[in-house]
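1. got a structure for you, letters missing:
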């Protein structure tokens, strides 16, 4: 037993000694290589570079999305009662203000008659009180109370009249009855769904665009629209909304208002493609996005002058994918540093590597 323990201990020590020797040899080798590199570079920082050139900017792009109705509303009952009649069915075209159905409430009719009778009685009482007040038969307070009853009863008449008017279900805008949720003779309560009205005269194409694209868009811009259902036809729209904040995918929602063709060919829920086209611009100086120190917003880059890095302030323009337009502070043909800036200060010696 003791011999086995001794053997295990000896083997373990031998293994540890071998590991220590290997680590020491590797450390020595790395130190030698580092010394050689340092001696060859003479303390210069290794960087990668790129030449600032003038290029033609291609900023046209497309974005896919779905069409949504300009207005889509589900009408709900504002009072309880029984559906007396229905004037429209699913698919019917309606105009703004058109009566779609009527919901009658027997109690509402009784309330309206009672309110009107109370108002008329209050008016007669007020006339008698005013006559009595002139002869000193009643006090000023009694007269004021009579006038208050007139105003209160009048408000009750107006309230019941409004509720009676609400019994007529009217279309809030012109459109198409997409769904009907009620039948003649059914009883509904406040909040019950009655009709879904959809306006297809105008549609909204909802798309998302990236940060490099949204900076080129303006509200009111004209946009060409394509539909896979009608490949031979072109539609026109204009940008009606640009989100001020990106979504969770770091894209910006954009809405394009599209005037539908005769017959409402385009339907809500169809797919569409927005073709964003911009006028041809003059060639511009561009540099890789990675040339900026930190981010593009810093407007700081390093320019290679011989074997020295010089920090320079520039004016950044549009961001086009992996490249950035330079509006000022840099000349065509100058060499910019695109990696290794973290180790640089103005005047650092550098060595460009491939």
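-> Looks like it came in fine. No experiment lies behind these values; they were computed from the predicted model shown.

2. Pass me the low-pLDDT residue ranges in the protein, would you?
-> Along the chain, the model assigns pLDDT under 70 to residues 1-42, 105-110, 160-166, 262-263, 280-282.

3. hey, where'd the helices end up in it?
-> Taking DSSP state H, the helices of the chain run over residues 2-41, 106-134, 140-166, 211-214.

4. Show me where the stretch 151-300 of the chain has its strands.
-> 168-170, 175-180, 187-188, 193-209, 222-226, 234-242, 252-259, 271-276, 284-288, 300-305 (DSSP state E, counting those that start in this stretch).

5. what about the ones you listed, which gets the closest to residue 78?
-> Nearest of those to residue 78, taken as C-beta to C-beta: strand 168-170 at 8.7 Å. All C-beta spots, glycine's among them, are computed from the backbone N, C-alpha and C.

6. Give the buried residues for that closest one.
-> Using 16 or more other C-beta atoms under 10 Å as the test for burial, strand 168-170 gives residue 169.

7. Mind giving me the packing neighbours of that strand?
-> Packing partners of strand 168-170 (3 or more C-beta pairs under 8 Å, 6 or more residues apart in numbering; DSSP states H and E): strand 99-104.

8. angle of the strand it packs on against strand 193-209?
-> Calculated by axes from the mean of the first three to the mean of the last three C-alpha atoms, to 10 degrees, strand 99-104 forms an angle of 140 degrees with strand 193-209.

9. Tell me which strands strand 99-104 pairs with, and in which orientation.
-> Strand 99-104 sits in its sheet next to strand 81-86 (antiparallel), strand 168-170 (antiparallel), going by DSSP bridges.

10. mind listing what the closest residue in space to residue 322 that isn't next to it in sequence touches?
-> Leaving aside its chain neighbours, residue 322 sits nearest to residue 289 (5.3 Å; criterion: C-beta to C-beta, 6 or more residues apart in numbering). Residue 289 is in contact with 296, 319, 321, 322, 323, 324, counting by C-beta atoms under 8 Å, 6 or more residues apart in numbering.

11. Just the buried residues of these.
-> Buried by 16+ other C-beta under 10 Å: 296, 319, 323, 324, out of the contacts of residue 289.

12. do you know how far residue 277 is from residue 60?
-> 5 Å (C-beta to C-beta, to the nearest Å).

13. again with residue 140
-> Residue 140 is 81 Å from residue 60, by C-beta to C-beta.

14. Please say which of those two ends up with more neighbours.
-> residue 60 (12 against 8; other C-beta atoms under 10 Å).

15. returning to what we had before: any idea which of the strands paired with strand 99-104 gets closest to residue 315?
-> strand 168-170 (57.7 Å).

16. which residues are in contact with that closest one?
-> For strand 168-170, contacts defined as C-beta under 8 Å, 6+ apart pick out 75, 77, 97, 98, 99, 100, 101, 102, 103, 194, 195.

17. Could you list the buried residues of stretch 331-343?
-> 334, 336, 337, 338, 340, 341.

18. how about those residues in TSV, adding distance to residue 306?
-> TSV is the format used below for these (distance: C-beta to C-beta, whole Å):
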residue	distance to residue 306
334	12
336	14
337	13
338	18
340	16
341	18
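
19. Spatially, which two of those residues are the most separated?
-> 334 and 340 (17.2 Å).

20. Verify the stated contact: residue 209 with residue 252.
-> Yes: using C-beta atoms under 8 Å, residue 209 is in contact with residue 252, at 5.6 Å.

21. what's the distance between residue 221 and residue 61?
-> With C-beta to C-beta as the criterion, residue 221 and residue 61 are 13 Å apart.

22. Which of the contacts of residue 289 fall within strands?
-> 319, 323, 324 (DSSP state E).

23. Please identify the nearest residue in space to the first one, excluding sequence neighbours.
-> Here the nearest residue to residue 319 in space, its sequence neighbours aside, is residue 212; by C-beta to C-beta, 6+ apart that works out to 4.6 Å.

24. Roughly how far does that neighbour sit from residue 250?
-> 11 Å.

25. Between those two, which is the more surrounded one?
-> More crowded of residue 212 and residue 250, by other C-beta under 10 Å: residue 212, with 17 against 9.

26. Let me see the contact set for the more buried one.
-> 318, 319, 320, 321.

27. before we move on, what about residue 82?
-> 103, 104, 105, 185, 186, 187, 188.

28. how many other residues sit next to the spatially closest residue to the fifth one that is not a sequence neighbour?
-> It stands for residue 186. Computed as C-beta to C-beta, 6+ apart, the closest residue to residue 186 that is not its neighbour in sequence is residue 83, at 5.2 Å. Per other C-beta under 10 Å, the neighbour tally for residue 83 reads 20.
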